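>>> give me coordinates for this.
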Amino acid sequence: ERSLWVNASCTLVALAHTHMTTAAALVTLGLAFTAPASRLAPPRVSSARMMCAAVMPETPPALESDCGFDHVPLSIALQSGDFLEADQITRDALIKLAGDSAVSRGYVYFAEVPNLPEADLATIERLWLAYSGGKFGYSVQVKALQSKKVNNNLEKLFDKIGWRNEKGQLLRWLPEKANNEFIYELDAAPEGHLPLTNTLRGQQLITALFKHPVWARDEFQ
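Below is the predicted model:
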């Protein structure tokens, strides 16, 4: 009975997601947080293949916000197993949460990261953790970075979470070339692979994000 209920719920959520308009169209970016809004969206993963790929927690995370931000679109995308859409929504959310200046320029500047609302980052993280079974999330990436094997080395982290290819090159998210090298299937992606953060233009943004005080919370240890 539970299996039937979960399958039916996933189907309904995915259908609802197909017909809704979300904030994901606010800015279509590069790897994360950076690119002109005029760029085309990346190729979508087949909805049939993604359907019900997410883990269904017994209790959905509360959608808390310090500023009245709407986290429902991210929740729906993750519930439906559409990790590609969820990754885009997360990028858009961080831009909006960073303020008007970030929205105007189309990306988050690393100096704005410490001021991102803690409650909202926590909600985003809980959603990623809940619907990936703890496999995806910023806190997962932070733990990997702090592990003995990685030892706070970002280059080693990129290898561990699958952001570099066998030649040691950073993977790219290039919607204008319809080429997306990242993995959006829960079973196939390495632990910590999502959500993405821009590292092609330097490491200041991801470093600032990993230093945000929200990750010190007990729930993310």
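
>>> residue contacts, the nearest residue to residue 145 once chain neighbours are set aside?
Spatial nearest neighbour of residue 145, excluding adjacent residues (CB to CB, 6 or more residues apart in numbering): residue 157 at 4.9 Å. Quick note: C-beta positions are derived from backbone N, CA and C, even for glycine. By CB atoms under 8 Å, 6 or more residues apart in numbering, the contact set of residue 157 is 141, 144-145, 150, 163.

>>> where does residue 184 land in three-state SS?
coil (DSSP: H, G, I helix; E, B strand; the rest coil).

>>> what sits against the residue nearest the centre of the chain?
Nearest residue to the geometric centre of the chain (CA atoms, centre = their mean): residue 195, 2.9 Å. Neighbour list for residue 195: 32, 86-87, 90-91, 128, 136-138 [criterion: CB under 8 Å, 6+ apart].

>>> of those, just the buried ones, PyMOL syntax please.
Entered in PyMOL, the line below selects the buried ones among the contacts of residue 195, by 16 or more other CB atoms under 10 Å:
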select buried, resi 32+86+87+90+91+128+136+137+138
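
>>> need the contacts of residue 195 in TSV (columns: distance to residue 172).
Converted to TSV, the contacts of residue 195 look like this (distance: CB to CB, whole Å):
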residue	distance to residue 172
32	12
86	20
87	14
90	18
91	15
128	22
136	20
137	22
138	21
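
>>> helices - which of the contacts of residue 195 land there?
Among those, DSSP state H puts 86-87, 90-91, 128, 138 in helices.

>>> what residues of stretch 189-205 count as buried?
For stretch 189-205, by 16+ other CB under 10 Å, it's 189, 191-199, 205.

>>> cool, and stretch 146-154?
Buried, per 16+ other CB under 10 Å, within stretch 146-154: residue 150.

>>> and for stretch 129-136?
Buried residues in stretch 129-136 (16+ other CB under 10 Å): 129-132, 135-136.

>>> before we move on, back to that, out of the contacts of residue 195, which is nearest to residue 54?
residue 86 (9.1 Å; CB to CB).
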